[in-house]
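> can't give you the sequence, but here's the structure:
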């Protein structure tokens, strides 16, 4: 069952999953409204949803054309549906002013309140906070109720499983629970009752799953995400207040966004393609030249947005690891294509020097250890070689020797890429690459490398002191999971294993 869920989740992007989750919640809410479980007029709820989608779409289209950037269709619908779930369905015609004002500012904030092309605040949180300050109407967060909780929880778990930001969720929930405990003791309230009210009758679960996890406004590294989650958990519970000021969920996330801005780099680039190089039958390098030097650590990734007509269910955004080194003037992406590649990848393959793509949010902890004496083992599967190309090219350019062994698995010899960099690294730095062909039928005569998947015995033979190493795994999710199992067989501690994973994976 677990493998089935993971396979299903890997077929869609994080944004598309979030959209499906919101549609599912609204469908449940509509059913409950028709049956009287929820005290809302179902037709008012439908009208509110339609009005918010229209207002968000019109506003976003105007701003996207004015600023000359591609519109993210999924973002429009996600923002509109979140607003529909936290603003009470329309009860009178004057409520249209509230809905319209919130929709306009949710879209406008992404363009107006942006640093280097990247929006600073969660759009929905900013919009509902501003409506309170300007027209004295606030979000009720009505989705936080007992009948909706099971559905919010199940869908929320899928979202978090997809993005794999468990450390963020746990730091948030633990901080929220601790805050409830402290205020219950101070106010001499029943702790169990207070905890129950917070979990069941507040939007805490929905807030954690869909607002807290917005990737563009959270910190880009694990350490800062722990602080980020704890800060927002502290501020977001209903009991928290400073004197007469009670902090609402939207104010809590805005405070967290400011914190994220301080500790995380904010970058957005509009890039044109310089060159497209075919490295293998289904693998291409896309080379872009930024108009300014981009600071990043070897092995990090960015979110890439490519506007194109009629995007499929996988959307128009992807996360790609930078295959280039920070020492290079160009940005390089290594991308693998398949027969059923998404419309995003089809549009990427058809790019020429006239087309533009937007790259933003440098992120990721899949980077070289700070200690240059730390021994490392790199384990790459297929196109998962890209972060290792970035790291090894950096070490070559910096003439920095490190004890590294690279295992590079492919289904056939034709899929091996970046051999020039790997060969130079072996000659200049002593970084040994062990190639293995996983499909026995594709092993050529006279092949001097390994065959089969990476095994415990392979690692033992090539790295006798493997227990002293840090292991980096990058590749398709199935390969990552299987290789982690191999490392567990070798009794490697979890703290010695790093995996390259980022939200939004889809073909």
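Thanks, I have the structure now. Every value quoted in this text rests on a predicted model; they were computed, and no experiment measured them. Numbers count the residues shown, from 1 in each chain.
> Name the residues of stretch 202-213 that come out as buried.
202, 203, 204, 205, 206, 207, 208, 209, 210, 211, 212, 213 (16 or more other Cβ atoms under 10 Å). To be clear about C-beta, it is placed using only N, CA and C from the backbone, and glycine gets the same treatment.
> what's the neighbour count on residue 281?
Residue 281: 9 surrounding residues under other Cβ atoms under 10 Å.
> what does the model give it for pLDDT?
pLDDT for residue 281: 92.
> right, and it touches residue 416 too?
No. The criterion here is Cβ atoms under 8 Å, and residue 281 misses it with residue 416 at 11.5 Å.
> so where is the chain shaky, pLDDT-wise?
Counting by pLDDT under 70, the chain shows low-confidence ranges at 1-12, 69-71, 116-118, 240-246, 266, 313-314, 501-507.
> list the buried ones in the longest helix seen in it?
Taking DSSP state H as the criterion, the chain has its longest helix at helix 42-67. Neighbour-count burial for helix 42-67, with 16+ other Cβ under 10 Å as criterion, is recorded at 42, 44-46, 48-49, 51-53, 55-57, 59-60, 63-64.
> how distant is it from the center of its chain?
Distance, stretch centre to chain centre, for helix 42-67: 25 Å (Cα atoms, centre = their mean, to the nearest Å).
> From here on, call the first residue 288.
Sure, I'll start numbering at 288, so the last one becomes helix 329-354.
> mind listing the helices for the stretch 588-737 of the chain?
630-636, 673-685, 706-716 (DSSP state H, counting those that start in this stretch).
> deepest of those, which one?
helix 673-685 (a mean of 23; mean count of other Cβ atoms under 10 Å).
> Give me the helices and strands touching that one, please.
strand 604-608, strand 618-623, strand 663-668, strand 691-697, helix 706-716, strand 757-761 (3 or more Cβ pairs under 8 Å, 6 or more residues apart in numbering; DSSP states H and E).
> quick one, it and strand 757-761 angle?
120 degrees (axes from the mean of the first three to the mean of the last three Cα atoms, to 10 degrees).
> quick check: angle from helix 673-685 to strand 663-668?
140 degrees.
> neighbouring contacts of helix 673-685?
585-588, 607-615, 620-621, 653-655, 665, 667, 687-689, 691, 693, 705, 708-709, 711-712, 715-716, 718, 759, 761, 787 (Cβ atoms under 8 Å, 6 or more residues apart in numbering).
> okay, now residue 557: neighbour count?
17.
> got the contact list for the residue lying closest to residue 317 once chain neighbours are set aside?
The shortest distance from residue 317 to any non-neighbouring residue, by Cβ to Cβ, 6 or more residues apart in numbering, is to residue 329 (5.4 Å). Counting by Cβ under 8 Å, 6+ apart, residue 329 touches 317, 320, 321.
> And for residue 569?
Residue 569 touches 623, 624, 625, 702, counting by Cβ under 8 Å, 6+ apart.
> With residue 397 instead?
Neighbours of residue 397 in contact, by Cβ under 8 Å, 6+ apart: 347, 350, 362, 406, 410.
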